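Trainee: turn this into a structure:
(one chain, ligands or ions: 1)
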Amino acid sequence: MALKLIVTGGAGYVGSVCTAKLLKAGHEVVVVDDLSTGHADAVPEGARFVEGDAADATASLLAEGFDGVLHFAAKSLVGESMSDPGKYWRGNVFTAIRLLDAMREHGTARLVFSSTAATYGEPEVSPIPETAPTQPTNTYGASKLAIDHAITSYARAHGLAAVSLRYFNVAGAYGRYGERHTTETHLIPLVLQVATGDRDQIQIFGEDYPTSDGTAVRDYIHVADLADAHLLAVQHATAGEHRIYNLGNGTGFSVRQVIETCRDVTGHEIPAVAAPRRAGDPAVLVAASDRAREELGWKPEHADLHDIVSDAWHFTEKRRRA
Ligand SMILES: O=c1ccn([C@@H]2O[C@H](COP(=O)(O)OP(=O)(O)O[C@H]3O[C@H](CO)[C@H](O)[C@H](O)[C@H]3O)[C@@H](O)[C@H]2O)c(=O)[nH]1
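Mentor: Predicted coordinates:
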């Protein structure tokens, strides 16, 4: 069924890939983005673009009648969330509550929300199921968890059909849509910047973790597979329910393994140096995504780390040539 949807943050990395896939699937999409971290030229052709605040601009649009909102717009730098927490409570939580109120006012039926593995904190079991305790170790994760709680109560009280998707480590690119953060903190794009010569070396944050090679382990998921889960989520959302799904491949790769894969893909040497652990980093974060597979019928198609890095590398090279 073709739906009329608003995508907040559709000029950003994950939001632009999801918008491109939603359009391809025949949905009608309006992107709302304040361009604080997104790029106007990343808004896919075929989407209407409204520059503005994720709550205010969306609230004005909702009067036109929409089937749902996919809410990506957020502050997402873990370090910044610790040094400037107000930015996360206002920018993430307060914005989301205002958005929920506007959706309630206009009777908007569906919500798909970008949650995060950071809601779990230091895991007690691995791989992490959705039933694991949520004990975030940083304000970013706490802000996303607070929104998840708010969504649950709005779904129960007001009949909202809601899905939260808890992303593990998103990477890769989809066509001309990829990672272009002004402040880049993520491992794969940083390692690829060393390969292009834009950066001298990659720092390995911690070599004394209780893992096979001492470096931290993460579950990397291709952004195209992540986007597919959003398309399934918006279709499966059920009135009065808030379902939560982890999105990962269920396989962990260490920082050293990621760097080695990047060397293999790019053919560059990529110097790496040891550095202290980064505050708040858990040793291992791997998803149990059985629920998304069983209930949404989600099936990741690019689980191979080599493929994920290759797509990120092609995107990086194409942008440098452009
Ligand atoms: O220069 C770097 C950058 C990262 N790392 C390491 O590489 C791993 C992956 O780091 P990323 O920053 O790429 O990803 P995170 O696991 O920290 O971040 C993910 O989880 C976060 C919450 O913990 C947020 O949700 C974030 O958006 C999401 O990408 C971590 O062990 C990190 O310490 C390095 O060794 N060197």
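Trainee: name the SS class of R320, please.
Mentor: In terms of secondary structure, R320 is helix; the call rests on DSSP: H, G, I helix; E, B strand; the rest coil.
Trainee: and it, what does it touch?
Mentor: The contact partners of R320, taken as Cβ atoms under 8 Å, 6 or more residues apart in numbering, are T196. No exception for glycine: its C-beta is placed from N, CA and C like everyone else's.
Trainee: distance of it relative to S126?
Mentor: Note on R320: its distance to S126, by Cβ to Cβ, to the nearest Å, is 37 Å.
Trainee: from F315, how far off is the residue sitting furthest away from the middle of the chain?
Mentor: Taking Cα atoms, centre = their mean as the measure, the residue most remote from the mean C-alpha position of the chain is E269, 29.3 Å away. Applying Cβ to Cβ, the value for E269 to F315 is 21 Å.
Trainee: report the secondary structure state of the residue of the stretch 1-150 of the chain found nearest the ligand.
Mentor: The ligand sits closest to A118 of the stretch 1-150 of the chain, with a gap of 3.3 Å, by Cβ to the nearest ligand atom. Three-state call for A118 (three-state DSSP): helix.
Trainee: correct me, but it touches T139?
Mentor: No - contact status for A118 versus T139: not in contact, 9.6 Å apart, counting by Cβ atoms under 8 Å.
Trainee: quick one: the helices in the stretch 201-322 of the chain, in order.
Mentor: Taking DSSP state H, counting those that start in this stretch, the helices of the stretch 201-322 of the chain run over residues 223-236, 255-266, 290-291, 305-321.
Trainee: is the ligand contacted by the longest one?
Mentor: Think helix 305-321. No - in this structure, helix 305-321 remains apart from the ligand according to Cβ under 6 Å from any ligand atom; the gap is never smaller than 11.6 Å.
Trainee: near the ligand, which residues of this structure?
Mentor: Taking Cβ under 6 Å from any ligand atom as the criterion, the chain approaches the ligand at residues 76, 78, 116-118, 141, 169, 185-187, 190, 202-205, 216, 218, 255, 278, 281.
Trainee: show me what the one helix or strand in the chain whose mean pLDDT sits lowest is packed against.
Mentor: Every helix and strand in the chain was compared by mean pLDDT, DSSP states H and E; the lowest is helix 78-83, with a mean of 92. The contact analysis (3 or more Cβ pairs under 8 Å, 6 or more residues apart in numbering; DSSP states H and E) places helix 78-83 against helix 85-88, helix 139-158.
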